[in-house]
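>>> based on what follows, work out the 3D shape:
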Amino acid sequence: MQRIIERTEDGSATLFVPELNEHYHSVKGARTESQHIFIDMGLKAAAAPEPHVLEIGFGTGLNALLTLETAEKEQRRVHYTGIELYPLAWEEVDALHYSDHPLFEALHRTPWMEEVAITPCFTLRKVQADVQTIGADGLLRMNGAPFDVVYFDAFAPEKQPEMWEETILRNLYTAMSAGGVLTTYCAKGAVRRRLQAVGFKVERLPGPPGGKREILRATKE
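Numbers count the residues shown, from 1 in each chain. This is a model prediction of the structure:
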């Protein structure tokens, strides 16, 4: 799958996939988007003192990096699991120049399918798999505990409709703790209705500065 580096409006870079005609992040600002949707509206909204985070689409590792930085700043222990079917090589990610944080490379160099303590506040498990084939029981076995936060960062529904099917959303709901939150950049009515159909309470929230008008946050009550 070919990937091309493109610059976004906040100065950070993203990857463009010609095959899907899709970007990994918003062209309005990659880092700004990730910080707002997944950290500010997701991680910081979770009540769990030691949250278990699941990312659907590990991608460039930007969401993981921002989570690590937040965990260190707040001294809040985070257990992070990222599922990615098509991992990026470190060399591809390094060319984006997201961060000079010395642990950013470690996020990409750590072995897949193992839990690794990156810092005392952040453990990482990367899973190379297709989330469509895992199921709720598989997600729970993978982590050993329900997830408190889900970053749903798959490619857009019109590009990868299979990733937004009700079955996957139901599996995520089952694998989450009571009070757990799922955030996504996609605010389409069809996605909101599917989230509600599997049991989530869904709210529309303002999108990132200069970016999408709305995003979605779903809570398991």
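>>> residue 140 sits in which helix or strand?
If you go by DSSP states H and E, residue 140 is part of helix 135-143.
>>> give the buried residues for that helix.
For helix 135-143, a neighbour-count test (16 or more other Cβ atoms under 10 Å) marks 135-136, 139-140, 142-143 as buried. Where you see a C-beta, it was placed from the backbone N, CA and C, and this is true even at glycine.
>>> what segments of this structure are strands?
Along the chain, the segments classed as strands by DSSP state E run 4-7, 13-17, 22-23, 52-56, 78-83, 115-119, 122-127, 147-152, 176-184, 201-206, 214-219.
>>> lowest-confidence stretch among these?
Averaging pLDDT over each of those singles out strand 22-23 as the lowest, with a mean of 61.
>>> just give the nearest non-adjacent residue to residue 187, would you?
Here the nearest residue to residue 187 in space, its sequence neighbours aside, is residue 214; by Cβ to Cβ, 6 or more residues apart in numbering that works out to 4.2 Å.
>>> which residues sit in contact with the one you found?
By Cβ atoms under 8 Å, 6 or more residues apart in numbering, the contact set of residue 214 is 187, 204-207.
>>> farthest pair in those?
The most widely separated members of the contacts of residue 214, counting by Cβ to Cβ, are 187 and 206 (10.4 Å).
>>> so between the two, which is more surrounded?
Residue environment comparison for residue 187 versus residue 206 gives the larger neighbour count to residue 187, 16 against 12, counting by other Cβ atoms under 10 Å.
>>> ok, so what distance separates that one from residue 210?
Distance, residue 187 to residue 210, using Cβ to Cβ, to the nearest Å: 16 Å.
>>> same deal with residue 85?
30 Å.
>>> tell me the one of the buried residues of helix 135-143 nearest residue 48?
Checking the buried residues of helix 135-143 against residue 48 with Cβ to Cβ, the nearest one is residue 143 at 12.9 Å.
>>> does that closest one touch residue 79 like I think?
Yes - in this structure, residue 143 sits in contact with residue 79. The criterion is Cβ atoms under 8 Å, and the distance is 7.3 Å.
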